[in-house]
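Novice: Make a model of this:
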Amino acid sequence: TALALDAQGNLLISDSGANVVFKVDAATNTISIFAGNGSATGALGDGGPATSATLRSPGSLTMDKDGNVAIASANGTRLVSRSGLISTVNSVQASAIAFDPSNTLDYAAGNAVFAEAVGVPTIIAGLPTSVSSGDGGPASQALFSDAAAIAVDSHGNIYVAETNVYTVRKISQGVVARVA
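Specialist: The predicted model follows:
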């Protein structure tokens, strides 16, 4: 389950058990389905209404600067446009997603952090291992242990929470440092 606020102050709630994302209207406090039809079968429905699409275990939510909503799910990252249409961004099972100030999708998957612009993923930090190390060194050589949450600040710094070692690390200008 994850929470996000859109530009109008509406609350979005992902429900991995129900395979939907709910929206709580800020003005009326009414709840409705924002994305997903309750089915977990594949990543179906691209090009159609988000409420008719399938979402398997939706999790992390984020908004780009244009007001589109990205949803991490077990079938990959899906994007709901401001007009309510859904598309598949990638097939990566990301544990956490966030847009940076340049509208590039950053995501944590396993033990690595990626940036994806125009459908091309690039590893920012981490390797396929479960050891946490590399603080103070180049992000390309840092190791993460179950990167589970991600946030990006207005300067493009990426914060990564690691659940196995109870750590938050910051990636800034190609260097990783522990912050909590």
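Novice: Confirm that residue 177 sits in a strand.
Specialist: Yes: under the criterion used here (DSSP: H, G, I helix; E, B strand; the rest coil), residue 177 sits inside a strand.
Novice: Let me see the backbone angles for the residue nearest the centre of the chain.
Specialist: Among the residues of the chain, the one closest to the centroid is residue 97, at 1.8 Å (CA atoms, centre = their mean). Taking degrees, to the nearest 10, you get phi -140, psi 150 for the backbone angles of residue 97.
Novice: got the contact list for it?
Specialist: Neighbour list for residue 97: 60-62, 70, 72, 77, 105-108, 150 [criterion: CB atoms under 8 Å, 6 or more residues apart in numbering]. From N, CA and C alone the C-beta is placed, and that goes for glycine too.
Novice: low-confidence ranges in the protein?
Specialist: The chain contains residues with pLDDT under 70 at 118, 127-134.
Novice: any idea how far the residue of it most remote from its centre is from residue 9?
Specialist: In terms of distance from the mean C-alpha position of the chain, residue 28 ranks first, at 27.3 Å (CA atoms, centre = their mean). Distance, residue 28 to residue 9, using CB to CB, to the nearest Å: 12 Å.
Novice: And residue 37, by the same measure?
Specialist: 26 Å.
Novice: which one of these two has more residues nearby?
Specialist: residue 37 (18 against 10; other CB atoms under 10 Å).
Novice: Assign the residue farthest from the centre of the chain to helix, strand or coil.
Specialist: Three-state call for residue 28 (three-state DSSP): coil.
Novice: 13 is where my numbering starts, stick with that
Specialist: Sure thing, new numbering starts at 13, so read that last one as residue 40.
Novice: Quick one: residues contacting residue 18.
Specialist: Counting by CB under 8 Å, 6+ apart, residue 18 touches 24, 75, 79, 81.
Novice: which of those residues lies closest to residue 102?
Specialist: Lowest distance from residue 102 to the contacts of residue 18 (CB to CB) belongs to residue 81, with 15.4 Å.
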